[in-house]
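>>> A predicted structure for the sequence below; I have some questions about it.
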Amino acid sequence: QVQLMESGGGQVGAGGSLKLSCRASGRPGSTLAMGWFRQRPGTEREFVARISWKGERTYYADDVKGRFTISRENAENTAYLLMNSLKPDDTAVYYCAAALYGPAGGTRTNHFDYWGQGTQVAVSS
């Protein structure tokens, strides 16, 4: 069993930055692909970013490319999401996810096997 714990959410003004962290426990985190999703009120959970377990491949949703950066530090079993140039439309609950069995590069929710509890990000105009 894998447990994921997010941190780093909060409130920021438009154009600001936040860095989310996700620490994995329960098995070696370096063998898991990691991802971030978000869910706005009244909408379905949507893909934001993914990083392979070695960190050599990253994937992004179109509307965050160039603004968000996913990274990982396997020695600390932690993945990060650096969010720059934040917009009010980025306001959502952000979820960390880990994939052990899903397809390489998968971006659907069912391509991930473990989920964190979520952390709120609020961007004011």
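Perfect, thanks for sending it. Residues are numbered from 1 along each chain as shown.
>>> Report the beta-bridge partners for the residue nearest to the spatial centre of the chain.
Centroid-nearest residue in the chain: residue 36, 2.1 Å away (criterion: Cα atoms, centre = their mean). On the basis of DSSP bridges, residue 36 is bridged to residue 49, residue 96.
>>> any idea how far it is from residue 6?
According to Cβ to Cβ, to the nearest Å, residue 36 and residue 6 sit 9 Å apart. Quick note: C-beta positions are derived from backbone N, CA and C, even for glycine.
>>> Now do the shared contacts for those two.
Both residue 36 and residue 6 are in contact with 20, 22, 94, 95, 96, where contact means Cβ atoms under 8 Å, 6 or more residues apart in numbering.
>>> Roughly how far does residue 72 sit from residue 125?
32 Å.
>>> With neighbour numbers in mind, choose between those two.
Under the criterion of other Cβ atoms under 10 Å, the comparison of residue 72 against residue 125 puts residue 72 first, with 23 against 9.
>>> so where's the protein uncertain?
For the chain, applying pLDDT under 70 flags the ranges 28-30.
>>> what about residue 42, how many neighbours?
Residue 42: 5 surrounding residues under other Cβ under 10 Å.
>>> Report the secondary structure state of it.
Judged by DSSP: H, G, I helix; E, B strand; the rest coil, the three-state class of residue 42 is coil.
>>> Can you name the next helix or strand after the helix or strand hosting residue 93?
Here residue 93, judged by DSSP states H and E, is contained in strand 92-99. Next along the chain after strand 92-99, taking DSSP H and E as the criterion, comes strand 114-115.
>>> So what's the gap between that next one and the chain middle?
11 Å (Cα atoms, centre = their mean, to the nearest Å).
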